[in-house]
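K.L.:
make a model of this:
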Amino acid sequence: VQLQAYGGGLVQPGGFLRLPCAASGSSEDYSDIGWFRQAPDKERQEISCISSRDGTTYYTDPVKGRFTISLDDAKNTVYLQMDSLKPEDTAIYYCATLWPCGANGMGSTYHWGKGTLVTVSS
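P.N.:
Presented below is the predicted three-dimensional model:
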């Protein structure tokens, strides 16, 4: 399985950005995909996940209500729509396969893609 996150960039506070995560390989190996981020000098943080098996989504508190995860099966791509961005959202964003994505949390990760940098600054 190969994953590629892209679409990062510089955005002003209050702005928006959409990050795609393109997956390739055996579709059975990337039924559940999650987004993570790591800010400078901070530990990696879970953000959100989605399951293609049943459409389950999960969001962590820092992004709940501002970020939306979605899946385009035809394109084998998971999107992270980020609205109302804040400076504290500045980080390198990664996508990864995981198992499982549940309504109450994100499971163990398996395959990681290279990250994409998001900078929220005026």
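K.L.:
low-confidence stretches in this structure?
P.N.:
By pLDDT under 70, the low-scoring segments of the chain are 27-28.
K.L.:
check which helix or strand covers the residue nearest to the spatial centre of the chain.
P.N.:
Centre of the chain computed as the mean C-alpha position; nearest residue by Cα atoms, centre = their mean is residue 35, 2.5 Å away. According to DSSP states H and E, residue 35 maps onto strand 32-38.
K.L.:
and what of residue 47?
P.N.:
strand 45-51.
K.L.:
any idea how far residue 120 is from residue 8?
P.N.:
11 Å (Cβ to Cβ, to the nearest Å). Every residue, glycine included, has its C-beta placed from N, CA and C.
K.L.:
between the two, point out the one with more neighbours.
P.N.:
A side-by-side neighbour count of residue 120 and residue 8, using other Cβ atoms under 10 Å, places residue 120 first with 19 against 16.
K.L.:
tell me what the more buried one is bridged to.
P.N.:
Taking DSSP bridges as the rule, residue 120 bridges to residue 11.
K.L.:
ok, how many other residues are close to the residue lying closest to residue 103 once chain neighbours are set aside?
P.N.:
Spatial nearest neighbour of residue 103, chain neighbours left out: residue 56 (5.7 Å); criterion: Cβ to Cβ, 6 or more residues apart in numbering. Using other Cβ under 10 Å, residue 56 has 15 neighbouring residues.
K.L.:
same question, the one 10 residues further on
P.N.:
Under the neighbour criterion other Cβ under 10 Å, residue 66 is assigned a count of 15.
K.L.:
and if you look at residue 45?
P.N.:
Residue 45: 14 surrounding residues under other Cβ under 10 Å.
K.L.:
hang on, the earlier thing: just give the nearest non-adjacent residue to the residue nearest to the centre of the chain, would you?
P.N.:
residue 47 (4.3 Å).
K.L.:
that neighbour contacts residue 64, doesn't it?
P.N.:
No - judged on Cβ atoms under 8 Å, residue 47 makes no contact with residue 64 at a distance of 10.0 Å.
K.L.:
between the two, which has more neighbouring residues?
P.N.:
residue 47 (25 against 11).
K.L.:
and residue 55, how close does it get to residue 4?
P.N.:
Remark: distance between residue 55 and residue 4 (Cβ to Cβ) = 23 Å.
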